[in-house]
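Colleague: Model the following, please.
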Amino acid sequence: MAQSDPPLGPPPAKKPRRVSPPEPELKAELQSRTCCSAETVVSFSTDSVANTTVPDDECSVQVLEIKKEEDEIPDLLFVELQKENVEDVVSALKRMRELFLSSNTNAVKNWKAAAPLGPISLVVLAMRKWPDHQDIQNYSCRSLANMLSVSWKHGLGKFAMVKSGGIEAVVRSLKTFSESLELQFVGCCTLMNAFKLHPNDPRSVAEGMIRFVENLDGIDIIVGMMKRFPDHVGLLSACCTLLIGLTVIKNNHGTMIKNGAVEAVACVQKNHCDNESLKKRTIKFLMDVFA
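Modeller: Residues are numbered from 1 along each chain as shown. Okay, here's the model as predicted:
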C-alpha cells in the first residue's frame, strides 16, 4: 500500500514551555558566583599582593611589581651609585640592600637580573672610592651580605667578591671603623656569607679564605672584635660562625690556634654558657679546629 503524502501547509506551532523563575536562594547563589562584592574589591590591595607569593600568570599586579624592581637595578648601579653626592650613593646602597633581602619574595629574581651587570664589583668600587665614609661602608657591607646570601648556591657572587677585591675592601673597612659595633657586625656577616662554601663554588673562593687568614690578618681581626664587644651576642655568634667556615681549610687551623681564636671562643663559651645557640657554635668550632 502506497504511503500517503504529508499534508500541505506550515507545521503546527509548538506549545511554549513554561519556565519558572529561580528560587530566591538559587538567585542569590548565582549572583555571588558572578559578582565581586565591594568588600572583596577593597581588601584586594597591592599590599596583599606584595606579601603573597603567587604564580606570575595569575596576577598581573605581581608581574608589574617584579618588573618594576628589576628595572631599578641598572639605574641604581650605573647612575645613582656613580654620583659624587654622598647622600645619593648611600640612598642607592640602601635600596640595593632592600632588593636582595631574604624577606623580599623577589630577591632571587632581582639577583638574576642584576648578576650580569656586576653588582658586587660596583659596590666594591664604591667602598674604594669612599673609604672613610662610615655610612657608605656600612650600607655597602649590608648590600654585599644580602647579595652573597641570595646567590649562595650559585657561587657567582662569592667568585665576584674574591676576584673584585671585595674581601680586602671589607677588611679595610673593619680596620678603619674598629670601634663601630654596627660596622663590625655587618662586615663580619659579609665575610661569613662570602666564606660559606658550597660544592658549586670555584676554587678561587677557597683561595680567598686562605688569603684572608694568611695575608690579611683575618684571625686577628675576628679575635679583636670578640674582645672589644664581649657582650654583644649577635656579633659573637657571627664571629664564631665565620671561624667555623674558615676551619674547612685545614691550613688555617694552625694560624687560628696561634693567633688566639681558641682562647677567644673558650671565653665566649664561659661568659655566655646560658645561651644555647652560641654554645653550640663555640663547641662546633673547637671540635673542627682540633679535628
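Colleague: Neighbours of residue 110, how many?
Modeller: 24 (other CB atoms under 10 Å). Using the backbone N, CA and C atoms, a C-beta is placed for each residue, glycine as well.
Colleague: my guess is it meets residue 74, correct?
Modeller: No. The pair residue 110 / residue 74 is not scored as a contact, 12.0 Å apart, by CB atoms under 8 Å.
Colleague: Could you name every residue contacting both of these two?
Modeller: Counting by CB atoms under 8 Å, 6 or more residues apart in numbering, no residue touches both residue 110 and residue 74.
Colleague: Restricting to C-alpha, output stretch 217-235 in PDB.
Modeller: C-alpha atoms of stretch 217-235 as PDB (Å, rounded to 0.1, in the frame of the first residue of the first chain):
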ATOM      1  CA  ASP A 217      95.300  39.300  59.400                       C
ATOM      2  CA  GLY A 218      91.900  37.800  59.300                       C
ATOM      3  CA  ILE A 219      92.100  35.800  62.600                       C
ATOM      4  CA  ASP A 220      93.500  38.900  64.400                       C
ATOM      5  CA  ILE A 221      90.500  40.900  63.100                       C
ATOM      6  CA  ILE A 222      88.000  38.400  64.300                       C
ATOM      7  CA  VAL A 223      89.600  37.900  67.700                       C
ATOM      8  CA  GLY A 224      89.800  41.700  68.100                       C
ATOM      9  CA  MET A 225      86.000  42.000  67.500                       C
ATOM     10  CA  MET A 226      85.300  39.400  70.100                       C
ATOM     11  CA  LYS A 227      87.500  41.200  72.700                       C
ATOM     12  CA  ARG A 228      86.100  44.700  72.100                       C
ATOM     13  CA  PHE A 229      82.500  43.600  72.200                       C
ATOM     14  CA  PRO A 230      82.300  40.700  74.600                       C
ATOM     15  CA  ASP A 231      78.600  41.200  75.500                       C
ATOM     16  CA  HIS A 232      77.100  41.500  72.000                       C
ATOM     17  CA  VAL A 233      75.700  38.100  71.300                       C
ATOM     18  CA  GLY A 234      74.900  38.800  67.700                       C
ATOM     19  CA  LEU A 235      78.400  39.800  66.800                       C
END
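Colleague: Pull out the buried positions in it.
Modeller: 217, 218, 219, 221, 222, 223, 224, 225, 226, 229, 232, 235 (16 or more other CB atoms under 10 Å).
Colleague: List the contacts of the second one.
Modeller: With contacts defined as CB under 8 Å, 6+ apart, residue 218 is in contact with 171, 191, 212, 246.
Colleague: quick one: which of these is most hemmed in?
Modeller: residue 191 (31 neighbours).
Colleague: now that residue, what's its secondary structure?
Modeller: Three-state assignment for residue 191 (DSSP: H, G, I helix; E, B strand; the rest coil): helix.
Colleague: what residues are up against it?
Modeller: 167, 170, 212, 218, 242.
Colleague: Apply 6 Å and report the result again.
Modeller: Taking CB atoms under 6 Å, 6 or more residues apart in numbering, we find residue 191 in contact with 170, 242.
Colleague: and what of residue 219?
Modeller: Shown in contact with residue 219 (CB under 6 Å, 6+ apart): 213, 255, 256, 259, 261.
Colleague: quick one: residue 88 from residue 279, how far?
Modeller: 44 Å (CB to CB, to the nearest Å).
Colleague: which residue sits closest to residue 253 in space, ignoring its chain neighbours?
Modeller: residue 289 (5.4 Å; CB to CB, 6 or more residues apart in numbering).
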